[in-house]
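**Student:** Requesting a structural model of the entry that follows:
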Amino acid sequence: MSDILHGDGAIRRPTLHGSSIENTYAGVLSFMRRNYTRDLNGVDVAISGVPLDLATTFRSGARLGPSAVRAASVQIAELHPYPWGFDPFETLAVADYGDCWFDAHNPLTIKPAIVEHARTILRSGAKMLTFGGDHFITYPLLIAHAEKYGKPLSLIHFDAHCDTWPDDHPESLNHGTMFYKAVKEGLIDPKTSVQVGIRTWNDDFLGINVLDAAWVHENGPRAARERILEIVGERPAYLTFDIDCLDPAFAPGTGTPVAGGLSSAQALAIVRGLEAVNLVGADVVEVAPAYDQSEITALAAAHLACDLLCLWRQRKVAGK
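**Tutor:** Got it, this is the predicted structure:
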């Protein structure tokens, strides 16, 4: 009798490593069928969702993003991911921790709840791959990561929007001002941070290096990768990917779409070339499935998240 696990690996797999055989159209929908567990012992990367969309400035709906990304990941888990050609889970112990709980009817408690959620995971030694939710969630995640890894961190930020518009109200919930606060509070170093895909205007980008969408279209993914590595170097870096970095043709399912963005192919090519980055944490945010078409936005997010796991796998194999 075969000892290969068939079906519902998320709740039946006895260890954190390895993969199971699943029907793509059935079963428990953890991200890429990883074990659902709150036991962080031995976990290299903990996946979790933060289903918040109270900070949006246009269309809400990103609270449903974490579940959509998990559902879209089932096909990716069926085969070895392309172009890597390996099962990352043979080496990398990855668990799906579930979602951050917060009281949506008590807004002033939301930021502390997300910070404590992140602290709990980071105290275990695991790295975090987080699904939003709107982009505000990156701010409390950065607070916890800066506590863990030392501040300031470098930020690698993919987005249509710079999210550095002024906001000096400490308790505000706004998904367009998080990195203004992060710079002002010393959580990130603008000189060693970079924003990719920007195509909205701000009078003051606070000294962060910007590779806007037009620059990427003109110079290509290889040049973008090289410039990111040049800016960030070996410093501890946090990567955040707002799915509206992609053009609405590739990611219609988001709250603030902007024409002229990156293609899925461009974004994936850039991310896949960041093996040299000392990545201490990452998130993929702003998937709003109510506006999606045939799950293409959630699929793009799931592929990006899978590639981030593969980057961590490569660094673990290299002993970094």
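**Student:** What residues does residue 141 make contact with?
**Tutor:** When contacts are counted by CB atoms under 8 Å, 6 or more residues apart in numbering, residue 141 touches 50, 114, 115, 118, 128, 130, 238, 281, 283. Glycine gets a C-beta too; all of them are placed from N, C-alpha and C.
**Student:** Show the contacting residues for the residue nearest to residue 100 when sequence neighbours are not counted.
**Tutor:** Among residues not flanking residue 100 along the chain, residue 117 sits closest, at 4.0 Å (CB to CB, 6 or more residues apart in numbering). Shown in contact with residue 117 (CB under 8 Å, 6+ apart): 48, 50, 100, 101.
**Student:** how near is residue 11 to residue 119?
**Tutor:** From residue 11 over to residue 119 the distance is 26 Å, taken as CB to CB, to the nearest Å.
**Student:** Repeat that for residue 271.
**Tutor:** With CB to CB as the criterion, residue 271 and residue 119 are 26 Å apart.
**Student:** And the two? Which one has more around it.
**Tutor:** residue 271 (25 against 15; other CB atoms under 10 Å).
**Student:** I figured that one hits residue 308, correct?
**Tutor:** Yes: between residue 271 and residue 308 there is a contact under CB atoms under 8 Å: 6.9 Å.
**Student:** overlap in contacts of those two?
**Tutor:** Joint contacts of residue 271 and residue 308 (CB under 8 Å, 6+ apart) are residue 239.
**Student:** out of the contacts of residue 141, who's nearest residue 248?
**Tutor:** residue 283 (20.8 Å; CB to CB).
**Student:** how near is the closest one to residue 90?
**Tutor:** Computed as CB to CB, the residue 283 to residue 90 distance reads 25 Å.
**Student:** okay, the two: which has more neighbours?
**Tutor:** Using other CB under 10 Å, the more surrounded residue of residue 283 and residue 90 is residue 283, with 26 against 11.
**Student:** Now name the helix or strand holding that one.
**Tutor:** Assigned by DSSP states H and E, residue 283 belongs to strand 278-285.
**Student:** elements contacting the least confident helix or strand in the chain by mean pLDDT?
**Tutor:** When the helices and strands of the chain are compared on mean pLDDT, DSSP states H and E, helix 9-12 comes out lowest with a mean of 93. For helix 9-12, the elements it packs on are strand 35-36, judged by 3 or more CB pairs under 8 Å, 6 or more residues apart in numbering; DSSP states H and E.
**Student:** and the next element down the chain from the strand it packs on?
**Tutor:** strand 45-50.
**Student:** Could you check how far the helix or strand following that following strand is from the centre of its chain?
**Tutor:** The first helix or strand that comes after strand 45-50 along the chain, using DSSP H and E, is helix 65-72. How far helix 65-72 lies from its chain's middle: 12 Å, per CA atoms, centre = their mean, to the nearest Å.
**Student:** list the buried ones in the helix or strand that helix 65-72 is followed by?
**Tutor:** For helix 65-72, the following helix or strand on the C-terminal side (DSSP H and E) is strand 94-99. By neighbour count on 16 or more other CB atoms under 10 Å, the buried set for strand 94-99 is 94, 95, 96, 97, 99.
**Student:** which one is the most centrally placed residue in the chain nearest to, not counting chain neighbours?
**Tutor:** Centroid-nearest residue in the chain: residue 283, 1.9 Å away (criterion: CA atoms, centre = their mean). Leaving aside its sequence neighbours, residue 283 sits nearest to residue 130 (CB to CB, 6+ apart; 4.1 Å).
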